[in-house]
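Asker: Got a predicted structure plus its sequence, pasted below:
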Amino acid sequence: VMVFGSLICFICGFFYPFTVTVAGFLGLRLLHGFSTGFKPTGTAAFIADIVPLARRGEAMGLLGVAGSLGMAAGPMAGSWLATHFSLNALFYCSSGLALLSLIVQGTMTETLPAAQRQRFRWRLLRIESWGEVFEPRVLIPAAATLLFLLP
């Protein structure tokens, strides 16, 4: 999941400079948005798998801080790149960072025990019950997070 998200980000960042129409740009941006759905979710799941239970809260907190710092510093760095170089340089840097992410992910190992691994099949994406989508125990933390992040 993480590799898929980073791969989409790499490809889209590379193709932005070649997009010459608004419709093409919006289509590419829509595709690029999928990386935002895949990569952070996969990263959180991977961290939950590799960090000991006693330190999982700390690790998730650091992941949240890193994400917030990236969202705060990214626009500043992007504006600087676009101003001092060009928009194309901004897009190529974005693509390069996604490539760096792919390289780092190539050094990571699968956390699922070999006995539980199975090849990907589209059937695995089928949702069989509402319980797979909705977890009532997270309503209070989700509401608290919404209230903290909404302002």
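Answerer: Structure received. Numbering: from 1, shown residues only.

Asker: give me the element T111 is part of.
Answerer: For T111, there is no host helix or strand (DSSP states H and E).

Asker: does the closest residue to it other than its chain neighbours belong to a helix or a strand, and which?
Answerer: Of all residues not flanking T111 in the chain, D49 sits nearest, at 3.9 Å (Cβ to Cβ, 6 or more residues apart in numbering). The way it works is simple: take the backbone N, C-alpha and C, and place the C-beta from them, glycine included. Element membership for D49 (DSSP H and E) is helix 22-50.

Asker: Quick one: mean pLDDT for that helix?
Answerer: Predicted confidence along helix 22-50 averages 88 (mean pLDDT).

Asker: now stretch 65-81
Answerer: The average pLDDT for stretch 65-81 rounds to 92.

Asker: For the most centrally placed residue in the chain, give me its contacts.
Answerer: In the chain, the residue lying closest to the centroid (Cα atoms, centre = their mean) is K39, at 2.4 Å. By Cβ atoms under 8 Å, 6 or more residues apart in numbering, the contact set of K39 is V1, M2, G5, S6, C9, S101.

Asker: do L81 as well
Answerer: With Cβ under 8 Å, 6+ apart, L81 has these contacts: A89, L90, C93.

Asker: Provide the count of other residues in contact range of the second one.
Answerer: Number of residues near L90 (other Cβ atoms under 10 Å) recorded here: 20.

Asker: Pull the contacting residues for it.
Answerer: Residues in contact with L90 (Cβ under 8 Å, 6+ apart) are G78, L81, A82.

Asker: let's see 10 Å
Answerer: G13, Y16, P17, A77, G78, S79, W80, L81, A82, T83 (Cβ atoms under 10 Å, 6 or more residues apart in numbering).

Asker: Sitting in helices, which of these do you find?
Answerer: The helices in this structure, assigned by DSSP state H, contain G13, A77, G78, S79, W80, L81, A82, T83 from these.

Asker: before we move on, back to that, which positions in the helix holding D49 come out as buried?
Answerer: Of all the residues in helix 22-50, those buried under the rule 16 or more other Cβ atoms under 10 Å are L28, H32, S35, F38, K39, G42, T43, A44, F46.
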